[in-house]
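**Q** Predicted structure and sequence below. I'll ask about it afterward.
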Amino acid sequence: MNKEMINQYIQNNKERFVEELLDLLRIPSISADPAYKADVQRTAEKVKQRLLEAGAEQVEVCATAGHPIVYGEKMISQDLPTVLVYGHYDVQPVDPIELWHSQPFEPIIKKTPLHPEGAIFARGSADDKGQAYMHIKALELMLKTNTLPCNIKLMIEGEEEVGSDNLGVFVAENKEKLKADIILISDTAILANDTPSITVGLRGLSYVEVDVTGPNRDLHSGIYGGAVANPINILCEMIASLKDKNNKITIPGFYDDVSTLNDSEKAELAKAPFNEEEYKKHLDINAVYGEKDFSTMERSSIRPTLDVNGIWGGYIGEGAKTVLPSKAFAKISMRLVPNQSSKKITELFKNYFESIAPAGVKVQVKPHHGGDPVVTPSNNPGYLAAEKAMHETFGKKPVPVRGGGSIPIVALFEKELGIKSVLMGFSLDTDAIHSPNEHYGIFNYIKGIETIPLFFYHYAQLFKK
């Protein structure tokens, strides 16, 4: 692989690469909100256009029961291995909009202490339009320089942020189309721009919404307060009871299947650079918080969690309204670790939450999306190819890390397609994904485009052995 040729092509086209990404980021492809359905479709068509321009073949926008999936490929020889690239073009909602320093779909580039070369501020810049688009530009680079060493298939979906429900159907119905030897995903982060890493494990997810209903209408809190159960008070008490004083989750059976790390595995995890004082300073907190007897790194990667993601009910407008509300609601997510089952945990939560409801209220638990945890091997050709590629472009061997987030489709791919995934992302955990002021460094974006062709080269070489 001619690295000089790669770098020259990138330098000659860097400005265009950035402008094309900005163009994609201007489309508000929010999959969770039906009001943006046309924009999601428009984004899919834009991705198709860019794939065709890059040189992909058999490019199509595949309809599903929800948002479409964009597929393209470049098959050069049946005798060569095939890499299936996965990414997503849908994005999270932007709320709370008032906390953004610029408009979320009017991308701007600003320099920051962590991104002295500049970062693109826009919803979806890091998660996952920017990281998915790296692969389209890497494909263009390899085809224009005649350096594509193996077959490539690309599948970029529009429902990752709402659970990828229709992706499972698509994968099951298109196993031959998606047949490959390895899956390459860039929807994860590196430890730092001077400390590359490869994610070797992801937590699973169980996401539910709970409704607590009391009286048949909102009541006057002076007339009825103290005599009728207040759903908001009850909901808060129920949620508080889900953890004990040591922040251990109290749901019976919750920890039964949890896989624990031995001392040597914990020692490996501890090798990843982490400065707790810098961590607290970045988040503007004066103390870390979590399950007793575990470190911050362990709490955020190898231990299961339960968190309230939203809670509402009653009167929240300006001024005062003395109301005893009829209903209260909350959204709750649980991150899961190896051996835990999303379906089992959801059922355990439902049974327990309903069982602790006091008389005077009715409780309903509505499961949303979920996914099982995964651990990917660090000794297969895919991981080794990623390790070699990142070592060359960063000048430092990447650190294997366990990620705290979830990509439910990794387990789906392994189940349906029978192949492993390589999680080679380039964003930073500080890039504010899912939050106001999401951003993605120009350095990281270009570094991804530089590294991906080297992954293909090394994978093709290792696959021969």
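**A** That came in fine, so what should we check first? Numbering: from 1, shown residues only.
**Q** can you list the weak-confidence ranges in this protein?
**A** Applying pLDDT under 70 to the chain flags residues 465.
**Q** care to break it down by domain?
**A** 3-202+373-464, 204-258+304-371 (automatic domain parsing).
**Q** Make a markdown table from these and add distance to Ser295 to it.
**A** For every residue, glycine as well, the C-beta is placed using N, CA and C. Putting those into a markdown table (distance: least, C-beta to C-beta, whole Å) gives the following:
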| stretch | distance to Ser295 |
| --- | --- |
| domain 3-202+373-464 | 12 |
| domain 204-258+304-371 | 13 |
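**Q** winner for burial among the ones you listed?
**A** domain 3-202+373-464 (a mean of 20; mean count of other C-beta atoms under 10 Å).
**Q** quick one: that one to chain centroid distance?
**A** 11 Å (C-alpha atoms, centre = their mean, to the nearest Å).
**Q** Identify whichever of the domains of the chain lies nearest to Glu277.
**A** domain 3-202+373-464 (15.0 Å; C-beta to C-beta).
**Q** Ends of the closest one, what's the gap?
**A** 21 Å (C-alpha to C-alpha, to the nearest Å).
**Q** what does stretch 15-33 give?
**A** 32 Å.
**Q** List the contacts of stretch 303-322.
**A** Contact with stretch 303-322 is made by 203, 207, 212, 218, 220-222, 231-232, 235-236, 239, 242-243, 249, 251, 254-255, 258, 290-291, 294, 299, 323-325, 327-337, 340, as judged by C-beta atoms under 8 Å, 6 or more residues apart in numbering.
**Q** so of those residues, which ones are in helices?
**A** Using DSSP state H, the members of the contacts of stretch 303-322 that fall within helices are 221-222, 231-232, 235-236, 239, 299.
**Q** any idea how far Val363 lies from Lys153?
**A** Taking C-beta to C-beta, to the nearest Å as the measure, Val363 falls 46 Å from Lys153.
**Q** wait, I meant Arg203
**A** Applying C-beta to C-beta to Arg203 and Lys153 gives a distance of 27 Å.
**Q** Same question for Ala138.
**A** Relative to Lys153, Ala138 is positioned 14 Å away (C-beta to C-beta).
**Q** buried ones in stretch 257-275?
**A** By neighbour count with 16 or more other C-beta atoms under 10 Å, stretch 257-275 contains the buried residues 261, 269.
**Q** State whether Glu73 and Ala54 are indeed in contact, as I suppose.
**A** No - the criterion here is C-beta atoms under 8 Å, and Glu73 misses it with Ala54 at 11.6 Å.
**Q** who's sitting farthest from the centroid in the chain?
**A** Residue farthest from the centre of the chain, counting by C-alpha atoms, centre = their mean, is Ile223 at 47.6 Å.
**Q** What's the separation between Ile156 and Asp79?
**A** Relative to Asp79, and taking C-beta to C-beta, Ile156 is found at 27 Å.
**Q** For Glu161, which three-state class applies?
**A** Of the three states, Glu161 takes helix under DSSP: H, G, I helix; E, B strand; the rest coil.
**Q** Quick check: it touching His67?
**A** No - if you go by C-beta under 8 Å, Glu161 and His67 don't touch, sitting 10.0 Å apart.
**Q** Name the residues contacting each of those two.
**A** Shared contacts of Glu161 and His67 (C-beta under 8 Å, 6+ apart): 31, 90.
**Q** Correct me if wrong: Gln340 contacts Gly204.
**A** Yes - the criterion here is C-beta under 8 Å, and Gln340 meets it with Gly204 at 6.2 Å.
**Q** what do these two both touch?
**A** Taking C-beta under 8 Å, 6+ apart as the contact rule, the neighbours common to Gln340 and Gly204 are 372-373.
**Q** host element of Arg402?
**A** In the assignment (DSSP states H and E), Arg402 maps to strand 399-403.
**Q** now what about that strand, what contacts it?
**A** Under C-beta under 8 Å, 6+ apart, the answer for strand 399-403 is 188-189, 191, 195-203, 268-269, 271-273, 301-302, 378, 423.
**Q** Give me the subset of the residues you listed lying in strands.
**A** In this view, the contacts of strand 399-403 that belong to strands under DSSP state E are 189, 197-202, 423.
**Q** any chance of those residues in a markdown table, plus distance to Asp263?
**A** Listed next are the ones in strands among the contacts of strand 399-403 as a markdown table, based on distance: C-beta to C-beta, whole Å:
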| residue | distance to Asp263 |
| --- | --- |
| Ala189 | 27 |
| Ser197 | 22 |
| Ile198 | 23 |
| Thr199 | 22 |
| Val200 | 18 |
| Gly201 | 18 |
| Leu202 | 23 |
| Leu423 | 25 |
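**Q** how close does the residue nearest to Leu219 when sequence neighbours are not counted sit to Val365?
**A** Nearest residue to Leu219, sequence neighbours excluded (C-beta to C-beta, 6 or more residues apart in numbering): Leu324, at 4.3 Å. From Leu324 across to Val365, the span is 23 Å (C-beta to C-beta).
**Q** Tell me which stretches of the protein form helices.
**A** Using DSSP H, helices in the chain cover 3-25, 37-54, 129-144, 165-173, 221-224, 231-240, 263-270, 276-283, 296-299, 342-355, 381-394, 409-417, 442-464.
**Q** okay, these in JSON lines with distance to Leu428 next?
**A** Formatted as JSON lines, those follow (distance: least, C-beta to C-beta, whole Å):
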{"stretch": "helix 3-25", "distance to Leu428": "17"}
{"stretch": "helix 37-54", "distance to Leu428": "24"}
{"stretch": "helix 129-144", "distance to Leu428": "12"}
{"stretch": "helix 165-173", "distance to Leu428": "26"}
{"stretch": "helix 221-224", "distance to Leu428": "47"}
{"stretch": "helix 231-240", "distance to Leu428": "31"}
{"stretch": "helix 263-270", "distance to Leu428": "19"}
{"stretch": "helix 276-283", "distance to Leu428": "11"}
{"stretch": "helix 296-299", "distance to Leu428": "16"}
{"stretch": "helix 342-355", "distance to Leu428": "27"}
{"stretch": "helix 381-394", "distance to Leu428": "13"}
{"stretch": "helix 409-417", "distance to Leu428": "21"}
{"stretch": "helix 442-464", "distance to Leu428": "7"}
